[in-house]
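[1] make a model of this:
(2 chains)
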Amino acid sequence: MTENCSFATDHMEACGHRATHVIGHSVGRKDTQDKVTGHAKYTDDFSDNTMLHAALLTSPHAHARILSQDTARAFAAEGVRAVITGKDYPNKTGSPLADRHVLAIDRVRYAGEPVAIVVADSLAQAEAATKLIDIQYQPLPTIQSPKLSYYSNTPLLHPNLNPYVGDSAEVNPIPGTNIATHVPIRKGNPQAMWAVCDEIVECEVSFPQAHHAAMETHVVIAEVAPNGDIDITTSSQSPYSIPSLMQATFGIHPAKVRVHTPYVGGGFGGKSSPYIEPLAVAAALKVSGRKVKLRCTREQVMTCLPGHIGLEAKVRLGATRDGQFVAAHITYWFDGGAYADRGVIVTRAATQDCTGPYRIHHVHCDGFCMYTNHPPTTAYRGFGHPEQTLVIERAIEKLADKLSINPLELRRLNAIGPGDTTPTQARLTRSSIGDVQGCLVRLKQMLDWNGTATVKEGKTVIAKGIACVWKTSSTPQDASSGAIVRVNDDSTITVLSGVVEIGQGTKTVLAQMVAELFRIDIRHVNVVLEVDTKTHPEHWKTVASRSTLLAGNAVVRAAQDAIRQLKKTASFVLQCEADDIHIAGGYAYCADAHDTRAKIPIGALAKGFTFQDGHTVGEMAIGHGSYTIEHVTKLDPTTGKGVPGPEWTVAAQGVEIEYQKDTYSYRVRRAVSVVDCGKVLHPDLALGQIKGGMNMGLSLASREGYVYDDSGAVTNPQFRVYPIHRYGDHPTYDVAFLETPDLEAPWGLRGIGEHGLIGMPAALANALSNATGMEVNQMPMTPELLWRLQTNKGDGP
Amino acid sequence: MTKHEVTLHINGEDRTLVIRHADTLLDVLRLQCGLTGAKPGCENGDCGACTVIVNQLPYKSCIMLAIEATGHTIMTIEGLKHSPIQRAFAKCYAFQCGYCTPGFIMNAHAMLLHDTSIDEPTIQEWLESNICRCTSYEEIASAIRMAMSTMNANLPDNSKPNSPST
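    Have a look, this model is predicted:
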């Protein structure tokens, strides 16, 4: 790493200019003992015998008018304390667009929509009583295809879209249509450039919605205190967004809402929008003074809660004879489901990065998030980028074929780099974009890429497919994180940060940063693993592969602040300049000290320093630090021009498959990722993020997707009919890292939480297209799909 | 709602409990015994997060009635201490969010109680009943191999380098 760091001199050691003793090393995890012993506590693990239990009743219809609701029998049932229906709360909720009632009132728009809650002494009693609620529905026509929804607007799902309250910077709904948001990108003039192209390809790509499959289902415990304070424990990626949502939904002052988040059993984006928290609070408000627990069943998570967005897309890509990309025209019709939720932001994220990491001067892209009668959608690992990547990479593969250019070389030729602009016309620098070329060069070696993508051995075809990946975050311009670093009497350090420990290991990495700066063993750094919004400094959200950047910068600053305080106190004691004091190994000492007795344990400086005569100098050492994201701007509403995120992590990925021509079945033999992660902070955690993402991506691409009935209800909401990867389904994973630093980030790091997943669907689709000679442009890529493509020439079921 | 008093033998202790006939073993362990290591993930026998060991065999406690477990020896993750498989999970980073981990560990521990020199297809047959969404499964495969070799070499538990616990 040779780049200059943007930090001032005293920040230099946080930027990789010094040999590190903790950063860059695999130093275990802070949550290991809790998690291998079963001691780790997740939200559902908290219970007591005074707690009440809530059960949801959801709509069996994908679209229906509610004619009547009779809750009398349910209310009279044994143990029942409250029955709540939509009429109890006329309030609307949802972020960024408040387009749904807490519980459906007059109309349901998807099968799985919550219509009533029963609160009872036991869960069994609550569940039994939901069956006693009599609701009469009048089914209405449904719309399932987002593209049809765009062209027909029939049925119109939100005829009163106008008065819905939304954040206009985040969402752009079009009244009178089923468009929940429209994001346009206008760069250059593609229309004029098609004539310049020697070759133009077109593809249509589609896939249904899917399930995050975090192993912990969503759970909330809510309690309303006599003074109106609301205490919430929830399995959330966004605890700090809950108080303001409670204000928007129920008019509760945010300061009266306290949110606790213990360990979270996986999220993958599915726990980023507070979807059931308003339901739990609605229930708790009816039984004031009692804790109410609401835990979703797996079936409810898959039908009632927001999932992975679906898509129908069309892409047109043109290039010159020698392979230079000239123009792209892309339209996404995302299946956002019945309510906008975060699906509209996913749409923006895909649209703003629609070209992938390639230099294309002329881009016309429209991202539409469409209302349909499917479940709503939210963030999913990759946040619009696996989707955007599949679309553009299928077109590139087709173009390579038409131009007879080696697909890897075609990607290298067009790889984006410093000085180029993104679809939103953000100009890239060596700091803001990783090394796409370098990733491809390394991928070529690791995948033994020799230019021919397939080898046939009888009925078996060995085929490879590749894809390039980039991603920036769609963070708000004020996304922030704060941190507190405390020095303890025993010379250990305690770190407080609002990042949720969801499996990604960020809290371990934050402890590494502190250990590095204090030059102590990581065992002497404690990091508080749970989050409490009343006591921990705010961290925007644990999403978007942004926690190590935001919280990392905050923690580095907090640690440096604490060190400054220790040095100041030590300077009184040691009678030298504060700048000459060193903090290392748990001691403070003067730089030129020849006398080893003049080493003061930092614990002795924690509350100032007390001399033997009782005289005390200095103050208690508590470091604080904060960071707010920089350089991010809003996108222009007509051209999309703007800077959506601080930097782009890039990667090149590939798979090698073994395809059986006679049975249409295949096996992924190996999958390879080369990721420019800026700096490897913890090799084993970094590998775990990338390999875990690759496994999730291959599972999603090969076998996952909701199967809907004729009306739009999800018919496969259980793991035995929704067959995600199990032990033994995985191929061999190979991962390599490049290190092109992001100069804004501690030690130059770049986010990597999502990137292992992003290129896997595209790489697999390209490998299968190469193996079969067909265009495999749909997910899930099951043998059945391949058989249908062969026998029906592309007609789906 | 009829309830009955039963005695369950859990982690070497007799626990006398008042349960409904319909209570699953998972619910009784979690809500009445405070043993929350076994987790609900699907409550349908599909994901294995609730796996406990009954008479040395792995059982999905979400589809076993508590009343069926009377007279049998039940071990939950809380009853498993310092085992080779726990150490191997720690050393191999075979967990991330940790939610599926107790189920995986109990299933793998039961497997290793039966045999410590089994081939990969047999390991798959045992472990494909559990789902992990975070790791790539390669980490879990490494942990199984490490635990097997530790047990076969009969090494003392603390002989491995790179203590994972910080």
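
[2] can we go C-alpha only for contacts and neighbour counts from here?
    OK.

[3] can I assume A:Asn716 is in contact with A:Pro723?
    No - A:Asn716 is not in contact with A:Pro723 according to CA atoms under 8 Å; the separation is 9.5 Å.

[4] so where is the chain shaky, pLDDT-wise?
    I went with chain A, as the question did not name one. A:1-18, A:452-453, A:593-597, A:793-797 (pLDDT under 70).

[5] um, chain B though
    B:1, B:155-166.

[6] tell me, what residue is most central in it?
    B:Met106 (2.0 Å; CA atoms, centre = their mean).

[7] pretty sure it sits against B:Cys50.
    No - judged on CA under 8 Å, B:Met106 makes no contact with B:Cys50 at a distance of 9.2 Å.

[8] list the buried residues in stretch B:17-24.
    B:Ile19, B:Arg20, B:Asp23, B:Thr24 (16 or more other CA atoms under 10 Å in any protein chain shown).

[9] can you tell me which of these is nearest chain A?
    Set against chain A, the nearest of these by CA to the nearest CA is B:Asp23 (9.1 Å).

[10] state the distance from that closest one to A:Ile563.
    B:Asp23 sits 55 Å away from A:Ile563, going by CA to CA, to the nearest Å.

[11] what does A:Ile600 give?
    Distance of A:Ile600 to A:Ile563, given as CA to CA: 13 Å.

[12] flag every buried residue along the top helix by length along chain B.
    Scanning chain B for the helix with the most residues, using DSSP state H, yields helix B:138-153. For helix B:138-153, the neighbour count (16+ other CA under 10 Å) marks B:138-148, B:150-151 as buried.

[13] from the contact counts, what lies against that helix?
    helix B:84-91 (3 or more CA pairs under 8 Å, 6 or more residues apart in numbering or on different chains; DSSP states H and E).

[14] contact partners for A:Gly318?
    By CA atoms under 8 Å, 6 or more residues apart in numbering or on different chains, A:Gly318 lies in contact with A:Trp194, A:Cys197, A:Asp198, A:Glu199, A:Ile200, A:Val201, A:Phe325, A:Val326, A:Ala327, A:Ala328.

[15] 6 Å instead?
    Counting by CA atoms under 6 Å, 6 or more residues apart in numbering or on different chains, A:Gly318 makes contact with A:Cys197, A:Glu199, A:Ile200, A:Val326, A:Ala327.

[16] for the nearest residue to the fourth one once chain neighbours are set aside, give its distance to A:Gly356.
    Closest residue to A:Val326 apart from its sequence neighbours, by CA to CA, 6 or more residues apart in numbering or on different chains: A:Ala319 at 5.0 Å. For A:Ala319, the distance to A:Gly356 under the criterion CA to CA works out to 15 Å.

[17] neighbours around the residue of chain B found nearest chain A, how many?
    Residue of chain B nearest chain A, by CA to the nearest CA: B:Cys97 (3.4 Å). Counted with other CA atoms under 10 Å in any protein chain shown, residues neighbouring B:Cys97 total 26.

[18] then the one 3 residues further on?
    Using other CA under 10 Å, B:Cys100 is surrounded by 32 other residues.

[19] need the contact list for it.
    B:Ala49, B:Cys132 are the contacts of B:Cys100 under CA under 6 Å, 6+ apart.

[20] next, give phi and psi for the residue of chain A found nearest chain B.
    Proximity to chain B, evaluated over chain A using CA to the nearest CA, is greatest for A:Gly503 at 3.4 Å. The phi/psi pair for A:Gly503 (degrees, to the nearest 10) reads phi 120, psi -20.

[21] cool, A:Gly270 as well?
    Here A:Gly270 shows phi and psi, under degrees, to the nearest 10, equal to phi -70, psi -20.

[22] got the residues of chain B near chain A?
    Residues of chain B lying near chain A by CA under 6 Å from any CA of the partner chain: B:36-37, B:41-42, B:46, B:77, B:86, B:96-99, B:102, B:124, B:128, B:131, B:134-137, B:164-166.

[23] just to revisit the earlier point, out of the buried residues of stretch B:17-24, the closest to A:Asp490 would be?
    Set against A:Asp490, the nearest of these by CA to CA is B:Thr24 (46.4 Å).

[24] measure the closest one to B:His72 for me?
    For B:Thr24 relative to B:His72 (CA to CA), the value is 15 Å.

[25] number of nearby residues for the nearest residue to B:Thr24 once chain neighbours are set aside?
    Excluding its sequence neighbours, the residue lying closest to B:Thr24 (CA to CA, 6+ apart) is B:Leu65, at 4.2 Å. B:Leu65 has 18 neighbouring residues, counting by other CA under 10 Å.

[26] I'd say B:Leu65 and B:Leu25 touch.
    Yes - if you go by CA atoms under 6 Å, B:Leu65 and B:Leu25 touch, sitting 5.1 Å apart.

[27] and after whichever strand or helix holds A:Ala771, which helix or strand comes next?
    Here A:Ala771 sits within helix A:760-772, counting by DSSP states H and E. Sequence-wise, the next helix or strand downstream of helix A:760-772 (DSSP H and E) is helix A:783-792.

[28] domain assignment for chain B?
    B:3-79, B:84-154 (automatic domain parsing).

[29] do chain A as well
    A:9-40+A:478-628, A:43-142+A:217-264+A:271-303, A:310-475+A:632-792.

[30] which of those domains is buried the deepest?
    Highest mean neighbour count among the domains of chain A (mean count of other CA atoms under 10 Å in any protein chain shown): domain A:310-475+A:632-792, with a mean of 23.

[31] how close does the nearest residue to A:Lys92 once chain neighbours are set aside sit to A:Ile174?
    What sits nearest to A:Lys92 in space, not counting adjacent residues and going by CA to CA, 6+ apart, is A:His101, at 4.4 Å. Applying CA to CA, the value for A:His101 to A:Ile174 is 20 Å.

[32] so which residues of the stretch 551-700 of chain A form strands?
    Using DSSP state E, counting those that start in this stretch, the strands of the stretch 551-700 of chain A run over A:581-584, A:587-590, A:600-601, A:607-610, A:616-620, A:622-628, A:649-660, A:666-676.

[33] mind putting these in a markdown table, distance to A:Glu78 included?
    A markdown table is the format used below for those (distance: least, CA to CA, whole Å):
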| stretch | distance to A:Glu78 |
| --- | --- |
| strand A:581-584 | 64 |
| strand A:587-590 | 64 |
| strand A:600-601 | 63 |
| strand A:607-610 | 57 |
| strand A:616-620 | 56 |
| strand A:622-628 | 52 |
| strand A:649-660 | 56 |
| strand A:666-676 | 53 |
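
[34] enumerate the residues of the stretch 501-650 of chain A near chain B.
    Going by CA under 6 Å from any CA, the residues of the stretch 501-650 of chain A near chain B are A:Ile502, A:Gly503, A:Arg523.

[35] and the strands in the stretch 101-250 of chain A?
    A:107-108, A:114-120, A:134-139, A:165-166, A:179-187, A:199-207, A:219-224, A:230-234.

[36] now distance to chain B too, for those strands, in a markdown table please.
    Shown next, in a markdown table, are the strands of the stretch 101-250 of chain A (distance: least, CA to the nearest CA, whole Å):
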| stretch | distance to chain B |
| --- | --- |
| strand A:107-108 | 26 |
| strand A:114-120 | 14 |
| strand A:134-139 | 23 |
| strand A:165-166 | 33 |
| strand A:179-187 | 31 |
| strand A:199-207 | 21 |
| strand A:219-224 | 11 |
| strand A:230-234 | 15 |
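
[37] so for A:Leu390, which of these sits nearest?
    strand A:199-207 (7.8 Å).

[38] count the residues that sit near B:Ala38.
    Using other CA under 10 Å: B:Ala38 sits among 29 other residues.
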